[in-house]
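**Student:** Provided below are the primary sequence and the corresponding predicted coordinates.
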Amino acid sequence: MSTLVIKDLHVAIDGKEILKGVNLTINTNEIHAVMGPNGTGKSTLASAIMGHPKYEVTSGSIELDGEDVLAMAVDERAQAGLFLAMQYPSEITGVTNADFLRSAINSRRKEGDEISLMKFIRELDSKMEFLEMDLDMAQRYLNEGFSGGEKKRNEILQLMMLQPKFAILDEIDSGLDIDALKVVSNGINQMRGEGFGSLVITHYQRLLNYITPDHVHVMMQGRIVKSGGPELAQRLEAEGYEWIKEELGIEDETVGQEA
Amino acid sequence: MTVETKLALTEQDIRSFSEGKQEPSWMTELRLKAFGELETLPLPTPDKTKITNWNFTEFPVHTVDSGKFTSIAELPEEVKAVVNAEQKNIYIQHNNTPAFLSLSEELKAKGVILTDIHTAVREHSELVQQYFMTDGVKVTEHKLTALHAALLNGGVFVYVPKNVVVEEPIQVIYLHDDKTASLFNHTLLVADENSSVTYVENYLSTVDHADGLANIVAEVIAKDNSKVTFGTVDVLAEGFTTYVNRRGVTSRDAIIEWALGMMNDSDTISENTTHLVGDNSEGHVKMVVVGRGKQKQNFTTKVIHWGKHTEGQILKHGVMKDAASSIFNGIGKIEFGATKSNAEQTSRVLMLSEKARGDANPILLIDEDDVTAGHAASVGRVDPLQLYYLMSRGISQHEAERLVIHGFLAPVVNKLPIEGVKKQLTEVIERKVR
């Protein structure tokens, strides 16, 4: 079993503090959902874990099985087993999806032990079929000209090909129609198991109808303000966020506001 | 500061060289006339690059003697690497020496000519005289074209007769492995009516440093309804002062496609102009550049529309590292009367270090109302978010940068018409951006 431990994490962007002490522990074989209205710091948490260059961790720690994640470069975090399905994946001209994926897979292997082309193509084809993707998308330039839905599927394709220990899914459901949402959820559910944990960030409960979380956390003002089981997500769906704000005496849930 | 431009060579030296090559009198006269005007002609004035103190006139020796090759198997490894084993139509020049020639029997029978420029001037005198520095580059354009004509010491002549389609590419390799050598090479390619040909030339220095000059001219004459694809990979060593002028002229319905890989390590002034003279003709330019060290380069690409319904496209991608600097001038000019023409251009420059400089200047000069035109230019650095994205999948920063750079150049590299040359260009890029 692997464990990702986030302790009292403070994160700033351009000098402005966004996360103000996040605590969260995720084990493999668990799916955690982080919910909350817009502007409460959910995506910042995702970016800070992966090491986005614009986000500065001002205090706190992130450890993966006791290793200091914050001391690692972005590629080392990925090598250690972290994966972030991004809300806005970059487009890269001239680099095909297939070449990129093969480089990413081989970066985890030793020199001389690269994945064989046949095995790679077999795996890629089967996972693309599973995600109902057009097979010629493998030969298109990475994310270039992809529709919003195609980009999201492509993120899940990478997740399935790379098999990380922990996947953070940053609003993977935004901009997806219901059919695409089912396909993407199937991909994540297929990953579920002993060696896999996930942090699912969303502000719609809808996604959680397809990916049942083990734990649900609510974020407001840059902190996790409430945690519970799947029933918490259902209550949020039925009643919205107002009751939590009342319970905790929060007037404005966005960051920059103090309780 | 002005560099002394007096040549070490005299008129008598030019005359003896011409006699030694048994040139017809028109060629000797052309050389002498050019020589006579050298002193009065000005240097060219590439926009935004000051070249008055560059050395274009001093060089150790006019010609060097180098060995010939009797078979492809005998070629140096660096040359073999860019030649397909089954390459049938190939000319190799070793410094200034015509060193190897092969043309398929089939093409010979159809009247295709592939030969070194000296032999061509002797054996196809009338044909060469008709096109040599007449419609394309003029002898007296400026000091460097005159110098080229006076001192011409190598090159190739390619002629494709009417209605002949050359299926397999013609490859020319200019091998430079003597650092004292200077290259005054002239490529003259004439595609007669309804013909088609793919031609690739390779300037390949296998020494690290050059003491000589490279003053290179290529002229492409595309007659009615012909199609010429002209590819290059230039890899000239540091130390050369390189002036390279590649020019095309299209007749009615003709197409010239340029795919230019400019990988020199020398300071370089490159001029590439296509005159779209005939109605409905097309000129397409794709160029990639990688600059490194303290290289200074200027790439001026022009497409000039004279005929109606002409189509001109310029696409240039450059990568600058270290303290290299490059100017990318793109000029689309539509003359009065060239109605329904279209001039498009895109220049993109990627800078890999703080000291690297790139400047993209798109210029549209339009003297006719009924036309379309467009341009796009960008100069920037590697996007940190692209690197973050690639690295977030486990790819190292070095490999991520490599992917972004190759991707940036791929749209042009992929257009090169010979696999071996494409591979070579990719390898050169790899080596240069490392």
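**Tutor:** On my side now, so go ahead. Numbering: from 1, shown residues only, chains lettered A, B, ... in the order given.
**Student:** excluding its backbone neighbours, what's nearest the residue in chain B that chain A sits nearest to?
**Tutor:** Scanning chain B for the residue nearest chain A gives B:Gly407, at 2.8 Å (criterion: CB to the nearest CB). All C-beta atoms are positioned from the backbone trio N, CA, C, and that covers glycine. The spatial neighbour of B:Gly407 that comes closest, neighbours along the chain excluded (CB to CB, 6 or more residues apart in numbering or on different chains), is A:Gly94 at 2.8 Å.
**Student:** roughly how far apart are the residue of chain B closest to chain A and A:Thr40?
**Tutor:** Going from B:Gly407 to A:Thr40 by CB to CB, to the nearest Å gives 36 Å.
**Student:** For the stretch 51-200 of chain A, what lies in contact range of chain B?
**Tutor:** Counting by CB under 8 Å from any CB of the partner chain, the positions of the stretch 51-200 of chain A adjacent to chain B are A:51-53, A:73-75, A:77-79, A:83-84, A:86, A:89-90, A:92-95, A:99-100, A:103-104, A:107-108, A:141, A:158, A:162.
**Student:** residues touching the residue of chain B closest to chain A, list them.
**Tutor:** For B:Gly407, the contact set (CB atoms under 8 Å, 6 or more residues apart in numbering or on different chains) comprises A:Ile92, A:Thr93, A:Gly94, A:Val95, A:Tyr141.
**Student:** nearest to chain B, of the residues you listed?
**Tutor:** Of these, the one sitting nearest to chain B (CB to the nearest CB) turns out to be A:Gly94, at 2.8 Å.
**Student:** could the contacts of B:Gly407 be laid out in a markdown table, adding secondary structure, neighbour count and pLDDT?
**Tutor:** Putting the contacts of B:Gly407 into a markdown table (DSSP: H, G, I helix; E, B strand; the rest coil; neighbours: other CB atoms under 10 Å in any protein chain shown; pLDDT from 0 to 100) gives the following:
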| residue | secondary structure | neighbour count | pLDDT |
| --- | --- | --- | --- |
| A:Ile92 | coil | 23 | 95 |
| A:Thr93 | coil | 18 | 91 |
| A:Gly94 | coil | 21 | 92 |
| A:Val95 | coil | 24 | 94 |
| A:Tyr141 | strand | 19 | 95 |
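**Student:** got the contact list for the residue lying closest to B:Tyr159 once chain neighbours are set aside?
**Tutor:** Once flanking residues are discounted, B:Tyr159 sits nearest to B:Ile113: 4.0 Å by CB to CB, 6+ apart. B:Ile113 makes contact with B:Ala120, B:His124, B:Leu127, B:Phe157, B:Val158, B:Tyr159 under the criterion CB under 8 Å, 6+ apart.
**Student:** So the last one belongs to a strand, correct?
**Tutor:** Which is B:Tyr159. Yes. Counting by DSSP: H, G, I helix; E, B strand; the rest coil, B:Tyr159 falls inside a strand.
**Student:** quick revisit: which phi and psi does the residue nearest to B:Tyr159 have?
**Tutor:** Per-residue torsions, B:Ile113: phi -110, psi 130 (degrees, to the nearest 10).
**Student:** what's the pLDDT at it?
**Tutor:** Listed pLDDT for B:Ile113 reads 98.
**Student:** same deal with the one 4 residues further on?
**Tutor:** pLDDT for B:Ile117: 98.
**Student:** Can you give me the neighbour number for it?
**Tutor:** By other CB atoms under 10 Å in any protein chain shown, the residues close to B:Ile117 number 22.
**Student:** Tell me who's in contact with the residue lying closest to it once chain neighbours are set aside.
**Tutor:** Distance criterion CB to CB, 6+ apart; nearest residue to B:Ile117, sequence neighbours excluded, is B:Gly155 at 3.7 Å. Each residue near B:Gly155 by CB under 8 Å, 6+ apart is listed here: B:Gln93, B:Asp116, B:Ile117, B:Asn185, B:His186, B:Thr187, B:Leu188.
**Student:** Can you lay out those as CSV showing secondary structure?
**Tutor:** Shown next, in CSV, are the contacts of B:Gly155 (three-state DSSP):
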residue, secondary structure
B:Gln93, strand
B:Asp116, strand
B:Ile117, helix
B:Asn185, strand
B:His186, strand
B:Thr187, strand
B:Leu188, strand
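**Student:** are any of the residues you listed buried, and which?
**Tutor:** Buried members of these, scored by 16 or more other CB atoms under 10 Å in any protein chain shown, are B:Gln93, B:Asp116, B:Ile117, B:Asn185, B:His186, B:Thr187, B:Leu188.
**Student:** Test my guess that the first one contacts B:Val156.
**Tutor:** Think B:Gln93. Yes. With contacts counted by CB atoms under 8 Å, B:Gln93 reaches B:Val156, the gap being 7.3 Å.
**Student:** so what sits against both of these two?
**Tutor:** Joint contacts of B:Gln93 and B:Val156 (CB under 8 Å, 6+ apart) are B:Asp116, B:Val172, B:Asn185.
**Student:** so the second one bridges to which residues?
**Tutor:** With DSSP bridges as the criterion, the beta-bridge partners of B:Val172 are B:Tyr91, B:Glu201.
**Student:** Same check on the last one?
**Tutor:** Per DSSP bridges, the residues bridged to B:Asn185 are B:Gly154.
**Student:** need the contact list for it.
**Tutor:** B:Gln93, B:Ile117, B:Leu152, B:Asn153, B:Gly154, B:Gly155, B:Val156, B:Tyr174, B:Ala214, B:Ile216, B:Val217.
**Student:** buried subset of those residues?
**Tutor:** Counted by 16+ other CB under 10 Å, the contacts of B:Asn185 give B:Gln93, B:Ile117, B:Leu152, B:Asn153, B:Gly154, B:Gly155, B:Val156, B:Tyr174, B:Ala214, B:Ile216, B:Val217 as buried.
**Student:** just to revisit the earlier point, go ahead and build a ChimeraX selection from the buried members of the residues of the stretch 51-200 of chain A next to chain B.
**Tutor:** Paste this into ChimeraX to select the buried members of these, with burial taken from 16+ other CB under 10 Å:
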select /A:51,52,74,75,77,78,79,83,84,86,89,90,92,93,94,95,99,100,103,104,107,108,141,158,162
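**Student:** picking up where we left off before, and the buried ones among the contacts of B:Asn185, which is closest to A:Asn29?
**Tutor:** Closest to A:Asn29 out of those is B:Tyr174 (64.8 Å), distances taken as CB to CB.
**Student:** my read: the closest one touches B:Glu201, true?
**Tutor:** Yes. With contact defined as CB under 8 Å, B:Tyr174 counts as touching B:Glu201 (6.8 Å).
**Student:** circling back: closest one of the contacts of B:Gly155 to A:Leu232?
**Tutor:** Proximity of these to A:Leu232 (CB to CB) peaks at B:Thr187, which lies at 75.2 Å.
**Student:** Check the gap between the closest one and B:Lys162 for me.
**Tutor:** 21 Å.
**Student:** Among the contacts of B:Gly407, which one sits closest to B:Leu38?
**Tutor:** Of those, the one sitting nearest to B:Leu38 (CB to CB) turns out to be A:Gly94, at 44.6 Å.
**Student:** Which secondary structure element is home to B:Val379?
**Tutor:** Take DSSP states H and E as the rule and B:Val379 turns out to sit in strand B:372-381.
**Student:** State the phi and psi torsions of A:Leu70.
**Tutor:** Dihedral angles for A:Leu70 - degrees, to the nearest 10 - are phi -70, psi -20.
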